[in-house]
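Peer 1: Return atomic coordinates for the entry below.
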Amino acid sequence: MKTQQVTIMGDLAKLNDHDSANRTNKFGGAALKKRMTDLVALQCLRMKPITGECVVTFHWFVSGKHDYDNVRFSCKYVLDGMVKSGKLPNDNPKYIVGFGGDDFTKVAKGQEKVIVEIEETDR
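Peer 2: Numbering: from 1, shown residues only. Sure, this is the predicted structure:
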């Protein structure tokens, strides 16, 4: 099994942010998703390519009083950014076969990040 980590620096949009952007106008949600996906894709360029099935675990470092389920929504941006960077061929079940347990750590504003652990399986 091969394991690698990538750290995504920044405060990714939460589910509530995404919902609010969708309500603002018909292009708001798409613009937010593109901005978040691009932010992640740039930070994934240093990853080694993923070639097989993998399990993904997220270690969230969050500020504020967000519900963790709203924070966890950002995994959509992370996986889509990995695909956009060309490091993950697709985020469908052919490549993503499961998720490890998430953990959350409170940090000061400006210190937000997510450490993504990708473990390629030998299935």
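
Peer 1: Find the nearest non-adjacent residue to residue 75, please.
Peer 2: Of all residues not flanking residue 75 in the chain, residue 58 sits nearest, at 6.0 Å (C-beta to C-beta, 6 or more residues apart in numbering). From N, CA and C alone the C-beta is placed, and that goes for glycine too.

Peer 1: Now find how far off-centre stretch 32-43 is within its chain.
Peer 2: Here stretch 32-43 shows a centroid-to-chain-centroid distance of 9 Å under the convention C-alpha atoms, centre = their mean, to the nearest Å.

Peer 1: Now do the buried residues in that stretch.
Peer 2: Residues 32, 33, 36, 37, 39, 40, 41, 43 are the ones in stretch 32-43 that count as buried (16 or more other C-beta atoms under 10 Å).

Peer 1: So which of those residues belong to helices?
Peer 2: Counting by DSSP state H, the buried residues of stretch 32-43 place 32, 33, 36, 37, 39, 40, 41, 43 in helices.

Peer 1: now the strands for the protein?
Peer 2: 2-9, 54-62, 96-99, 103-106, 113-120 (DSSP state E).

Peer 1: can you redo the ones you listed as JSON lines with distance to residue 71 and mean pLDDT?
Peer 2: Formatted as JSON lines, the strands of the chain follow (distance: least, C-beta to C-beta, whole Å; pLDDT from 0 to 100):
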{"stretch": "strand 2-9", "distance to residue 71": "13", "mean pLDDT": "95"}
{"stretch": "strand 54-62", "distance to residue 71": "5", "mean pLDDT": "97"}
{"stretch": "strand 96-99", "distance to residue 71": "14", "mean pLDDT": "96"}
{"stretch": "strand 103-106", "distance to residue 71": "7", "mean pLDDT": "96"}
{"stretch": "strand 113-120", "distance to residue 71": "9", "mean pLDDT": "96"}
